[in-house]
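Engineer: mind folding the following:
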Amino acid sequence: MKKSLIALLVASMPAAAFADVTIYGAIKAGVETYDQGGNTAKQTNIDDLGSRIGFKGSEDLGNGLKAIWQVESGFAIDGNSDGTNAGKAYTGGSTGTLANRNSFIGLQSNLGTLRFGNVSNFLDSDMGLVDAWTYNSAAAGLGIFTRDATRLKNSVRYDLPAIVPGLTASMQYGTKEGSKGVSTTNLPADLSKQDRETYALGLGYENSGFFGKYNYTHQSPVVTGTATDKLGNLYTLNQANDKHRLEVGYNANNLFVGLGYQQAKGDASIVGSAWGSLVDNGAYYDKNAVFGLNDKFKTTEYALTVAYTFGAITPKFTYAHGDDVKVGGNTMHNTKYDQYVLGADYALSKRTTVGAQYGEIKVGGTNPATQATNQNLKTFGLNMVHNF
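Structural biologist: Predicted structure coming up:
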């Protein structure tokens, strides 16, 4: 009886109520084994790898103008929804609450697209092609290299219309609406909790399989004060961040080749928590360096990914490298990383894929002052993805 009443109710509703609403998403899960060497125990986890569900739609307002909207939420099918895991799937706390992913309301016309809300930045929506992996551990994919690909809260984004075929361009502004407080004893992690006034510019061009994409992001300072490094040096926290990333490559005829380069200058937060956690014990400054209070941190990184599809199988390989972090031109030794990931995906259907990969991040060296040795991170993972 109840089923009959529900069916009658749905049938009686106007078709317009469903006409322009699309439900979409992905369910991603896998098994990952972690090995960081030393005294750290090996661990095997059943992880959600970035599952999400979204609703989107539009309304024709006439004269070529449309109202557009989207509500997208992440969820963790492994039962962990607190957003604390260290890998890509949980970056920024992307599970557990409604509209925690790319969510907005806006307008679209032949003049372009305007969106307000928790909107993906250009790095998240249009770039990151070099990161061809499904993972949670930073070693199983380019979680370090792509750490700035995210949603920008309290933001407005404008995308230019496609006047030139293959050309894309966007501008985005995020307001500084509040902060959660910074502890100088927990850096750079606490810096990432601050809201920053953010300006971003994205440019892209694709033609005959070749592509080139560029993004520039400027973030305002988040706090005024100083912190102390492991050798007792003071450095300022009142720094703006400037970040650049370039990706070029070819994606056609079953072949993908992508090369990425990025550079950032600013406070300690530009290193990111995943990178910083691997090198913290072994990092040290040049003992003869003259260290200035207002010196900026600088990072430089590279990434290369190659993939080729044979029928349903796609073997893939990635190599990434980060130079030693510099502060005011002085090298922070033993902070560089080298990473490789090797694996393959198998398409069970157009919407369901299984994959396997092995990845390793090497951060070698020993701090001569403390004799602390950096630990490498190794990960093997199996995953399954279904898109709907």
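
Engineer: so what's residue 321 up against?
Structural biologist: With contact set as CB atoms under 8 Å, 6 or more residues apart in numbering, residue 321 has these partners: 301-303, 336-339. All C-beta spots, glycine's among them, are computed from the backbone N, C-alpha and C.

Engineer: taking those together, which two end up most distant?
Structural biologist: Greatest spacing in the contacts of residue 321, by CB to CB: 303 and 336 (14.0 Å).

Engineer: could you confirm residue 360 falls within a strand?
Structural biologist: Yes. Residue 360: assigned to a strand according to DSSP: H, G, I helix; E, B strand; the rest coil.

Engineer: and residue 277, that's in a strand?
Structural biologist: No. Assessed with three-state DSSP, residue 277 is helix; it does not lie in a strand.

Engineer: can you give me the neighbour number for it?
Structural biologist: The local packing of residue 277 (other CB atoms under 10 Å) involves 16 other residues.

Engineer: and what of residue 333?
Structural biologist: Residue 333, neighbours per other CB under 10 Å, totals 18.

Engineer: look up how far residue 273 lies from it.
Structural biologist: Distance of residue 333 to residue 273, given as CB to CB, to the nearest Å: 20 Å.

Engineer: residue 310 now?
Structural biologist: From residue 310 to residue 273 the distance is 37 Å (CB to CB).

Engineer: neighbour count winner among those two?
Structural biologist: For residue 310 versus residue 273, neighbours defined as other CB under 10 Å are more numerous around residue 273 (18 against 9).

Engineer: ok, residue 140 - contacts?
Structural biologist: By CB under 8 Å, 6+ apart, the residues touching residue 140 are 32, 87, 133, 341, 357-359, 379-381.

Engineer: tell me which two in the residues you listed are the farthest apart.
Structural biologist: For the contacts of residue 140, the farthest-apart pair by CB to CB is 87 and 358; their separation is 15.4 Å.

Engineer: those two: which is more packed in?
Structural biologist: residue 87 (22 against 15).

Engineer: okay, the more buried one: pLDDT?
Structural biologist: pLDDT for residue 87: 40.

Engineer: swap in residue 334?
Structural biologist: Listed pLDDT for residue 334 reads 82.

Engineer: run a quick check on it versus residue 325, I expect a contact.
Structural biologist: No. Counting by CB atoms under 8 Å, residue 334 stays clear of residue 325, with 9.7 Å between them.

Engineer: tally of neighbours for residue 263?
Structural biologist: So residue 263, with other CB under 10 Å, has 15 neighbours.

Engineer: equivalent analysis for the one 4 residues further on, please.
Structural biologist: Other residues lying near residue 267 total 23 when counted by other CB under 10 Å.

Engineer: same question for residue 250.
Structural biologist: For residue 250, the count of nearby residues is 14 (other CB under 10 Å).

Engineer: quick one, what contacts it?
Structural biologist: Counted by CB under 8 Å, 6+ apart, residue 250 has contacts 209-211, 256-257.

Engineer: what helix or strand is it located in?
Structural biologist: strand 241-252 (DSSP states H and E).

Engineer: give the buried residues for that strand.
Structural biologist: Residues of strand 241-252 classed as buried under the neighbour-count rule (16 or more other CB atoms under 10 Å) are 241, 243, 245-249.

Engineer: starting at the chain centroid, how far to that strand?
Structural biologist: Strand 241-252 has its C-alpha centroid displaced from the chain centroid by 13 Å (CA atoms, centre = their mean, to the nearest Å).

Engineer: quick revisit: where is pLDDT lowest across the buried residues of strand 241-252?
Structural biologist: Within the buried residues of strand 241-252, pLDDT is lowest for residue 241, at 94.

Engineer: residues in contact with that one?
Structural biologist: Listed by CB under 8 Å, 6+ apart, the contact set of residue 241 reads 196, 217-219, 264-267, 269-270.

Engineer: which one of these sits closest to residue 386?
Structural biologist: Closest to residue 386 out of the contacts of residue 241 is residue 217 (32.7 Å), distances taken as CB to CB.

Engineer: which residues does the closest one bridge with?
Structural biologist: Counting by DSSP bridges, residue 217 is bridged to residue 200, residue 243.

Engineer: shouldn't it be in contact with residue 200?
Structural biologist: Yes. Counting by CB under 8 Å, residue 200 is a contact partner of residue 217 at 4.6 Å.

Engineer: between those two, which contacts overlap?
Structural biologist: By CB under 8 Å, 6+ apart, residue 217 and residue 200 have these common neighbours: residue 121.

Engineer: tell me the centre residue of this structure?
Structural biologist: For the chain, the residue nearest the mean C-alpha position is residue 149 (3.4 Å; CA atoms, centre = their mean).

Engineer: and the gap between it and residue 143?
Structural biologist: Distance from residue 149 to residue 143, by CB to CB: 10 Å.

Engineer: also residue 21?
Structural biologist: Distance of residue 21 to residue 143, given as CB to CB: 33 Å.

Engineer: returning to that earlier point: got a quick PyMOL command for the buried subset of the contacts of residue 250?
Structural biologist: Remark: buried members of those, expressed as a PyMOL selection using 16+ other CB under 10 Å:
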select buried, resi 211+256+257
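
Engineer: of the contacts of residue 250, which pair is most distant in space?
Structural biologist: So, the contacts of residue 250 by CB to CB: farthest apart are 210 and 256, at 11.7 Å.

Engineer: sheet-wise, list the partners of the helix or strand harbouring residue 46 with their directions.
Structural biologist: Residue 46 is part of strand 43-48, with elements assigned from DSSP H and E. Strand 43-48 pairs in its sheet with strand 21-35 (antiparallel), by DSSP bridges.

Engineer: before we move on, back to that, okay, the contacts of residue 140 in TSV with distance to residue 68 next?
Structural biologist: Shown next, in TSV, are these (distance: CB to CB, whole Å):
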residue	distance to residue 68
32	37
87	31
133	30
341	36
357	36
358	41
359	38
379	39
380	41
381	36
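
Engineer: which of those lies closest to residue 110?
Structural biologist: residue 133 (37.3 Å).

Engineer: ok, for that closest one, nearest residue in space, not its chain neighbours?
Structural biologist: residue 141 (3.3 Å; CB to CB, 6 or more residues apart in numbering).
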